[in-house]
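Visitor: Let's see this in three dimensions:
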Amino acid sequence: MKNIRNKNKISLLMVILALMAYGCADYTEPKYEPESPWQTVDQFEMAVISPYSSFTLDGWHEPPAVHALYEMLATDFSSRIIGAASDNEWSEIENRLQRQVSCEGLVWIRFNYEQNFWTTIAACNEGLTFLAQDDPVKLFPRDNIDYINANIPRAQAELYFWRAYTYIWTAFFFTPAYVPGGANDDQVLALKTTNLNSNNTPIGTTQQVWDLILSDLKAAKSLMPQSYDKSGRLNYWAVCGALARAYFYTGDFANAEKECTEIINHYAPLGLPDDPLQAWTVDYTNPGTEPKNEVMWMFNTSVTGQSQYCWTDVSRANPWTNGGRGQGSSVSWNLCKLSNAMIKKIGWMVDPANGDFTETDLARADKRYGRHGLDRSNGTTWWRVEPYKPQDEVQAEVDATGDETLWDKYEQNHASQVNPLIFLDKYFRTTPGTSQNIPRMRVPEFYIMRAAIRFRNNDKTGAAADLKVIRDRAGLSGQWEITAADITEDDIDREMVIEMGGESLYLGYLRALQKPILPGDRVGVAPVNPPYTGWYWKIPMNEIRVNAGYIGIPNPNDK
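Guide: Purely as a prediction, here's the structure:
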């Protein structure tokens, strides 16, 4: 009885308090409405930072890194080291089986689709839908109008950017290549602009996907203040860069060039840093120390090396050793060495495809090329490694000479590698390697993009001037200078490979310029020419089964 009486007293007290509150209230106001998830501008910032986290998830699932592996192994860029990570899906990528295999069995690619992509897009939609429902002054009544105006447009710009940026990567993996002037009417990818009724989302055409991307990026640019600059976060120039890419990839070279020019005009007075490796040696303990004259946007990692490990498959270094140098620095699962065909094309060996691995004067002059014994032994983005030598033999040589750098001279993981190799060496260059902050967007990309566009427009003087900025920084001035009279499109392609290699830009560059995807070191394999038919991965069947939007249209996986 005592417990019942106590409960009755509590219930009576609650009724009295409720009546008192009701009596003080304005009767015209709605009662018992759920509170909004974000009460203040500062709380809404949690919605804005969500895409930064969901896009990367963990160390082995990051779309740009997965795409870097995809484009390096599927194009003429790299050739796979046989025996490295042989139990994974790399043979499907190397053999260009996008339309022959199911995405369900390809762990990295499926996880990008099911987790990174849609989680990020859903996070953007949640914030954008909230902002669209009313005036920000009404949405955030606890904040003054000046604070709202100083922060909400920028927050909205970040959400628009992230939705577009994520759709770019989703389209690269899962839609047919965009054909400038073509129909682009394949219905493959869901257009998710709201989180309502996610099981019945319209399926957009390739054209509609890219229209959404461009619309979102233009909105982001109109909202993002040029003054905003916070390490690890987007800024106005990164939005311009993404817009330049989207225009470039869809064949709108005039607008792509305008975006490039706006970027270059902002950064050109600063000049590129002298050291090509400077952008790759910033760690999480020094936020904001990235070279502002080169890095437009940088992913800030953490003490745990969040979203780092995926890059090990395209880079020689071990993220858990001292800056990717010294004993044990090379991971055994690194799959990608520069193909002999590409080495010949960029002119760093005489004729590797036919057994002449002699390095050239051009290679030695280029500050981005390194090998044991060159003065720049710790300051390059590419590294030549001599054929396999067992670790006990390397140790004996180190003991005899006292030269610890000999650990970086030889391939020590795969006895099958009997010829010299060249590896990408941008990643994990801090101490430890897991602390590296990774550039997502750099100024040199837009000099090269503009050079390619200018060359196509027969502006060879402008193309040569843009290329000169990149080559001068690499030490290729004087006798190595390329003039307007001499420049070819191969010269521009070369700089794209060397300067931007391993940053997930090569395949998009080829498709934007409608170039063939060459076989590289593959024997008996034909080039893939525009419109790159079948050059995209199947949609996971789970998406097709649960999304009613696919009902009534041809199964996109049957094409």
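Visitor: quick one: low-confidence parts of the stretch 251-400 of the chain?
Guide: 303-307 (pLDDT under 70).
Visitor: and what of the stretch 51-200 of the chain?
Guide: In the stretch 51-200 of the chain (pLDDT under 70), the answer is 87-88.
Visitor: mind listing the strands for this protein?
Guide: 78-80, 187-190, 203-205, 295-299, 336-338, 349-351, 356-359, 369-370, 382-385, 421-424, 438-442 (DSSP state E).
Visitor: which residues touch the fourth one?
Guide: Put plainly, it is strand 295-299. With contact meaning Cβ atoms under 8 Å, 6 or more residues apart in numbering, strand 295-299 is reached by 56, 231-232, 234-235, 237-238, 241, 263, 267, 279, 282, 290, 307, 437-443. For the C-beta atoms, the positions are set from N, CA and C on the backbone; glycine is no exception.
Visitor: what angle separates that strand from strand 438-442?
Guide: Strand 295-299 and strand 438-442 meet at an angle of 150 degrees, taking axes from the mean of the first three to the mean of the last three Cα atoms, to 10 degrees as the criterion.
Visitor: what's the closest of the strands of the chain to I121?
Guide: Across these, I121 has its closest neighbour in strand 187-190 (9.2 Å, Cβ to Cβ).
Visitor: partner strands of that closest one, parallel or antiparallel?
Guide: strand 203-205 (antiparallel) (DSSP bridges).
Visitor: Compute the number of surrounding residues for M72.
Guide: Per other Cβ atoms under 10 Å, the neighbour tally for M72 reads 30.
Visitor: dump the residue contacts of it.
Guide: S78, V314, C336, G502, Y506.
Visitor: Could you pick out the buried ones from those?
Guide: Among the contacts of M72, those buried by neighbour count (16 or more other Cβ atoms under 10 Å) are S78, V314, C336, G502, Y506.
Visitor: contacting residues for the nearest residue in space to the fourth one that is not next to it in sequence?
Guide: Spelled out, it's G502. Excluding the flanking residues, the one nearest G502 by Cβ to Cβ, 6 or more residues apart in numbering is L424, at 4.2 Å. If you count contacts by Cβ under 8 Å, 6+ apart, L424 has them with V314, S315, R316, C336, L338, T381, W382, G501, G502.
Visitor: re the thing from before, show me the contacts of strand 295-299 that map onto helices.
Guide: Residues of these located in helices (DSSP state H): W237, A238, G241, I263, Y267.
Visitor: quick one: the fourth one and V443 touch, right?
Guide: Yes - I263 is within contact range of V443, at 6.8 Å (criterion: Cβ atoms under 8 Å).
Visitor: tell me which of the contacts of L424 is nearest to S302?
Guide: Nearest to S302 among the contacts of L424, with distances taken as Cβ to Cβ, is S315, at 19.3 Å.
Visitor: List the contacts of the residue lying closest to the closest one once chain neighbours are set aside.
Guide: Closest residue to S315 apart from its sequence neighbours, by Cβ to Cβ, 6+ apart: Y427 at 4.0 Å. By Cβ under 8 Å, 6+ apart, the contact list for Y427 reads 280, 308, 311-312, 314-315, 317, 319, 324, 433, 436, 438, 502.
Visitor: that older thread, any chance of TSV for the strands of the chain, columns distance to V394?
Guide: Converted to TSV, the strands of the chain look like this (distance: least, Cβ to Cβ, whole Å):
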stretch	distance to V394
strand 78-80	24
strand 187-190	49
strand 203-205	54
strand 295-299	34
strand 336-338	19
strand 349-351	23
strand 356-359	20
strand 369-370	18
strand 382-385	12
strand 421-424	15
strand 438-442	29
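Visitor: And these: which comes nearest L467?
Guide: Nearest to L467, of the strands of the chain and by Cβ to Cβ, is strand 438-442 at 15.7 Å.
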